[in-house]
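*Asks:* okay, predicted coordinates and the sequence, questions at the end:
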Number of protein chains: 2
Amino acid sequence: MLSRSTAARGRVEAMAKDPSAPHTPQGGALLFAVFNEIGIIEQLARTRFEAVMPGGLLLPHFSVLNHLVRLGDNKSLKSLAFAFQVSKGTMTNTVQKLAARGLIDVQPDPEDGRGKRVFITQEGRQMREDAIIAITPALQMLAEDVGFDTFEAVLPKLSRIRATLDEMRNP
Amino acid sequence: MLSRSTAARGRVEAMAKDPSAPHTPQGGALLFAVFNEIGIIEQLARTRFEAVMPGGLLLPHFSVLNHLVRLGDNKSLKSLAFAFQVSKGTMTNTVQKLAARGLIDVQPDPEDGRGKRVFITQEGRQMREDAIIAITPALQMLAEDVGFDTFEAVLPKLSRIRATLDEMRNP
DNA sequence: TGATTTTAGTTTGACATCAAACTATATAGT
DNA sequence: ACTATATAGTTTGATGTCAAACTAAAATCA
């Protein structure tokens, strides 16, 4: 059986780097490799995150709770969908799940008959706290093993890539 | 309507950075921010990639074709699932879709009655070439706008994070 | 004011994905 | 050899997601 890191490397190398391929830009392989690493990290991080979440909380659910605590509640579904770059239907689904668990409270918007407003409940705040507590050991281990400076160095560059990708949408 | 980059920043800030939260490690916010950027980039990149793929080819489909060209075909489903870090069932599904389109050829493993072997067809090779041609403009634009050096700088650090996350699985 | 268009949210249908159960074959243990 | 266990692949049921169709309520405009 291959080691896990070998497996991951296998996937890294799985992406395009064929120098004989026509029309491949010089260094297109580099970009492929970066996006491939990002894809793997996203998957590994999500899996690990959800594995330790209390009550089977999923990443998008936590994300919404965290958003409501950090940036304040009384948010519309639209703004939440926009903030997380998911479709309206997806946010409808997420909000319904959170509401069914009593972690948020959804009410009609008093100023707009079409809209709704999302509030976090006390249970929702507690769940968000528990979630942060649950993931903290993994984050600490990661910070120790990888080095904090690596994360510091990488964040602004990722932001730059994200911002550019963001601007490239719908030209 | 908010600008798109404002929206993306909204999602960035949506993740944990609450300094008042108990048990939040010093700088836990940094790690959250990094993973959040990674999540957004993965989503934006996938969407953009699939939007230009010929014949509605999806990212996992392309990834398998590319893998078979770059690392050679005659692969088992197991090894493909392992390389891409997806479940066996997922790879069964992906392989069935590719085979139905005639892009790969799946045959029983002559040396193992349980196994199958996956081969890429000429149509599959052509599809992979077309896909690379289709995504190249976006990659070039990105490389120009962001700067090649940013990608060069970020790749080894992402690899490090990925490798550590990989090692952290199933201790 | 009345008609058109835009917007907020929901629903529907399709698809990728996963975990777990299942089948069939191979390997290990005795 | 016979039984146990492990492995390759498929299937099943659930979930998250999206795009597109749909409903209802603004906002625009003529």
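*Replies:* In hand now; what should we look at?

*Asks:* mind listing what's buried in stretch A:143-154?
*Replies:* Neighbour counts over stretch A:143-154 (16 or more other CB atoms under 10 Å in any protein chain shown) mark A:Ala143, A:Val146, A:Thr150, A:Phe151, A:Val154 as buried. Every residue, glycine included, has its C-beta placed from N, CA and C.

*Asks:* please apply the same query to stretch A:83-95.
*Replies:* Judged by neighbour count (16+ other CB under 10 Å), stretch A:83-95 contains these buried residues: A:Ala83, A:Phe84, A:Gln85, A:Val86, A:Met91, A:Thr94, A:Val95.

*Asks:* could you pull out the helices in chain A for me?
*Replies:* For chain A, the helices defined by DSSP state H cover A:4-14, A:28-52, A:59-71, A:77-84, A:88-100, A:122-146, A:148-168.

*Asks:* of all those, which one is nearest B:Gln107?
*Replies:* Each of the helices of chain A has some distance to B:Gln107 by CB to CB; the shortest is helix A:4-14, at 21.2 Å.

*Asks:* what about that closest one, average pLDDT?
*Replies:* Helix A:4-14 carries an average pLDDT of 34.

*Asks:* out of the helices of chain A, which gets nearest to B:Phe35?
*Replies:* Going by CB to CB, the one of the helices of chain A nearest B:Phe35 is helix A:28-52, 5.2 Å.

*Asks:* what residues of the closest one count as buried?
*Replies:* Across helix A:28-52, burial judged by 16+ other CB under 10 Å covers A:28-46, A:48-50.

*Asks:* so for the residue lying closest to A:Lys75 once chain neighbours are set aside, what's the pLDDT?
*Replies:* Excluding the flanking residues, the one nearest A:Lys75 by CB to CB, 6 or more residues apart in numbering or on different chains is A:Val118, at 5.1 Å. For A:Val118, the pLDDT comes out at 98.

*Asks:* ok, A:Val118 - contacts?
*Replies:* Contacts for A:Val118 (CB atoms under 8 Å, 6 or more residues apart in numbering or on different chains) come out as A:Val64, A:Leu68, A:Asp73, A:Asn74, A:Lys75, A:Ser76, A:Leu77, A:Leu80, A:Val95, A:Ile104, A:Asp105, A:Val106.

*Asks:* doesn't A:Ile104 make contact with the second one?
*Replies:* Yes. Distance between A:Leu68 and A:Ile104: 7.0 Å, which falls inside the contact criterion (CB atoms under 8 Å).

*Asks:* please enumerate the shared neighbours of these two.
*Replies:* A:Val118, A:Phe119, A:Ile120, A:Gly124.

*Asks:* A:Met168: how many residues sit nearby?
*Replies:* Other residues lying near A:Met168 total 15 when counted by other CB atoms under 10 Å in any protein chain shown.

*Asks:* ditto for A:Gly124
*Replies:* 24.

*Asks:* now do the closest residue to DNA strand C within chain A against A:Asp73, distance only.
*Replies:* DNA strand C sits closest to A:Gly89 of chain A, with a gap of 2.6 Å, by CB to the nearest atom of the strand. A:Gly89 sits 21 Å away from A:Asp73, going by CB to CB, to the nearest Å.

*Asks:* cool, and A:Ile132?
*Replies:* 17 Å.

*Asks:* could you check which of the two is surrounded by more residues?
*Replies:* Shown here are A:Ile132 and A:Asp73; by other CB under 10 Å, A:Ile132 has more neighbours (23 against 17).

*Asks:* can you tell me how far the more buried one is from A:Ala153?
*Replies:* Taken as CB to CB, the span from A:Ile132 to A:Ala153 is 24 Å.

*Asks:* go on, A:Glu167?
*Replies:* According to CB to CB, A:Glu167 and A:Ala153 sit 23 Å apart.

*Asks:* one more: A:Asp105?
*Replies:* Using CB to CB, A:Asp105 is found at 41 Å from A:Ala153.

*Asks:* what subset of the buried residues of stretch A:83-95 is also close to DNA strand C?
*Replies:* With CB under 7 Å from any atom of the strand as the criterion, the buried residues of stretch A:83-95 include A:Met91, A:Val95 near DNA strand C.

*Asks:* now the buried residues of stretch A:83-95 in CSV, with pLDDT and distance to DNA strand D?
*Replies:* As requested, the buried residues of stretch A:83-95 are exported to CSV (pLDDT from 0 to 100; distance: CB to the nearest atom of the strand, whole Å):
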residue, pLDDT, distance to DNA strand D
A:Ala83, 89, 12
A:Phe84, 87, 8
A:Gln85, 86, 6
A:Val86, 91, 3
A:Met91, 97, 7
A:Thr94, 97, 5
A:Val95, 97, 10
